[in-house]
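In: Below are the sequence and a predicted model for it; my questions follow.
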Amino acid sequence: MGDKDMNIKTKQSTLEEKTINSTKIFTGIFLNLHKDEVLTADNQKSTREYFKHPGAVAILPFFNEKKLLIEKQWRYPIKQEILEFPAGKIDRGERPLIAAKRELLEETGYVARSWCKLGEMFPVPAYSDEKIFLFGAKDLIRKCDQNTDPGEVINLVDITVEDFLLKVQTLEIIDAKTIALAFWLLRIRDRTVKIEWERDVD
């Protein structure tokens, strides 16, 4: 098969959808539901329902090269207890790295000597504008007890890198941001990416 047989023809030169009107139909504690009428790329009118979100952070915390810190908590929408890395929403005006440090301390009681930016992701772009900023944290130090919100119950679990990756493979870990961080964990473990760690001076 030649290269010309591999070409995929595009239907439109642009896929942009233009907003005709926008209505906020629900205001929550931090999620706002919108309903927009749009003009699609093929010139059709359609409706888009989506959540506006302030943004979030997720942290890949290393005790050392072989052991990680992970959380276990109940996620009400899916009625299930799941394993996931520390994470949380960004407060208004807060920089993502500051939010990551705050969330790690609040949820786990740990601080990290070194941090790095790993990437960004949109976990559900079909119905939310939520962007999650991904960070790595290493050389953890226990500073205090957990300081979670009332009703936020989190169990802390230390897990080896290999056990964590096995749980991803066997679908014991199903959280999207945690699986995204597994990609970075593999690259860090295998030294296929150069990470610029920065010492925390706070």
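Out: That came in fine, so what should we check first? As the structure is a prediction and not an experimental result, all values here were calculated from the model. Numbering: from 1, shown residues only.

In: what's the helix or strand bottoming out on mean pLDDT in the chain in contact with?
Out: Least confident element among the helices and strands of the chain, by mean pLDDT, DSSP states H and E: strand 198-199 (a mean of 92). Under the criterion Cβ atoms under 8 Å, 6 or more residues apart in numbering, residues 113-116 lie in contact with strand 198-199. In short, each C-beta sits where N, CA and C put it, glycine included.

In: just stretch 144-163 next, same as before
Out: The contact list for stretch 144-163 (Cβ under 8 Å, 6+ apart) reads 63, 65-74, 83, 105-109, 167, 185, 189.

In: let's see it at 6 Å
Out: 66-68, 70-73, 106-109 (Cβ atoms under 6 Å, 6 or more residues apart in numbering).

In: okay, now the spatially closest residue to residue 12 that is not a sequence neighbour: neighbour count?
Out: Closest residue to residue 12 apart from its sequence neighbours, by Cβ to Cβ, 6 or more residues apart in numbering: residue 41 at 4.5 Å. Using other Cβ atoms under 10 Å, residue 41 has 14 other residues around it.

In: What distance do you get for residue 41 to residue 35?
Out: If you measure residue 41 against residue 35 using Cβ to Cβ, to the nearest Å, the figure is 20 Å.

In: tell me the mean pLDDT for stretch 185-194?
Out: Mean per-residue pLDDT for stretch 185-194: 94.

In: which intervals of this structure have sub-threshold pLDDT?
Out: 1-6, 202 (pLDDT under 70).
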